[in-house]
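**Q** following is a predicted model, sequence given first.
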Amino acid sequence: MAVSVAEHGHDVGHGAHDEIIYQETRDMRLMGFVLFLFSDVVLFSSYIFAYIYLRNSIPSWPPIVDGHQLPRLDTAFAAFNSVVLFGSGVTMHWALEHWKHGNRGRFDLFMWLTIVLGLGFLGGQSYEYAHAQIGGWSGNTFGASFFTLTGMHGLHVFLGVCFLFVLWLQTKKNVYDQHHFFGLTAGTLYWHFVDVIWVVLFFLFYLW
Amino acid sequence: MDLATIEKAVAFIGALVVFTFAVIGLRGEWKKTGLDDNVTKVLLALMAFGCFLVVLAVFGVLPRGGGA
């Protein structure tokens, strides 16, 4: 991610030769970025399958700790917080679309909406961590799985927010133009990816 | 009206809005053929599916047995 952002200083090509080089390197960088996302899918998958294994190896879920069954997580709040994150995915998509159409004012608006919604999601996650009645990180398998997976996802969201803020700063420094904006494409793909991982986690922890 | 009801109402309205804009975005991407466009299609579709899951949660269809 850092590499693809750093390379964007060369995004705005000059002349036909630069344009050809830009297109060739863009395709390679895009493939590299998609492979990076795949590697993250593998990372999350390993933890998710560990959670599924743990869950299926215990007769009752949530598990019984000290003679009492742990309560389910707050589905209503999670649904609300999920919509905040999914909404940020949509605003990011429209930010990129407005950039492609040269509407920088609306790009700024949607980019900042995305960042604020991302921070809102992190705030909601913090609130849930403070109020979840499922024990701590090391208290039981439910708490350990929940905090590990959602914590790792939260870290990705935080890094994504930083990524988007850097991209926004780069647009202010004219690193990209209407036809050369690989960084923004990568940022949008990353943000959608983070959203989709949450779809899986939302189902596993709150709806299953 | 308790807090959970308000959260569910906001989540339901938000899910409908996000689903609608995700589908509009998906339609806009539909005829594009680049790698980034195709990945975006998959991710937008999954995000729309996420909104569907939110609606199921709001109406108590999932989780089975009712949530907290």
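**A** Good, I have the coordinates. Numbering: from 1, shown residues only, chains lettered A, B, ... in the order given.
**Q** so, low pLDDT: which residues of chain A?
**A** Across chain A, the ranges flagged by pLDDT under 70 are A:1-14.
**Q** biggest helix in it by residues?
**A** Ranked by residue count and defined by DSSP state H, the top helix of chain A is helix A:15-56.
**Q** now swap in chain B and tell me
**A** As assigned by DSSP H, the longest helix anywhere in chain B is helix B:3-29.
**Q** okay, A:His131 and A:Phe158: tell me how far apart.
**A** Per Cβ to Cβ, to the nearest Å, A:His131 is found 20 Å from A:Phe158. For the C-beta atoms, the positions are set from N, CA and C on the backbone; glycine is no exception.
**Q** who has more neighbours, the two?
**A** Neighbour comparison, A:His131 and A:Phe158: the larger count goes to A:Phe158, with 16 against 10 (by other Cβ atoms under 10 Å in any protein chain shown).
**Q** wait, B:Leu43 touches A:His192, no?
**A** Yes - B:Leu43 is within contact range of A:His192, at 3.6 Å (criterion: Cβ atoms under 8 Å).
**Q** between the two, what contacts are shared?
**A** Taking Cβ atoms under 8 Å, 6 or more residues apart in numbering or on different chains as the criterion, B:Leu43 and A:His192 both touch A:Gly89.
**Q** before we move on, back to that, could you tell me which strands the helix or strand that the longest helix of chain A is followed by is paired with, and in which direction each runs?
**A** As assigned by DSSP states H and E, the chain's next helix or strand after helix A:15-56 is strand A:64-65. Here strand A:64-65 has these sheet partners by DSSP bridges: strand A:68-69 (antiparallel).
**Q** following element in sequence after the partner strand, please.
**A** Sequence-wise, the next helix or strand downstream of strand A:68-69 (DSSP H and E) is helix A:75-100.
**Q** count the neighbours of residue 62 for me.
**A** The chain I'm using is chain A. Neighbour tally, A:Pro62, other Cβ under 10 Å: 20.
**Q** let me rephrase: I mean chain B.
**A** B:Leu62 has 19 neighbouring residues, counting by other Cβ under 10 Å.
**Q** surely it is in a helix?
**A** No - counting by DSSP: H, G, I helix; E, B strand; the rest coil, B:Leu62 is not found in a helix; it is coil.
**Q** who's in contact with it?
**A** Going by Cβ under 8 Å, 6+ apart, B:Leu62 touches A:203, A:207-208, B:53, B:56.
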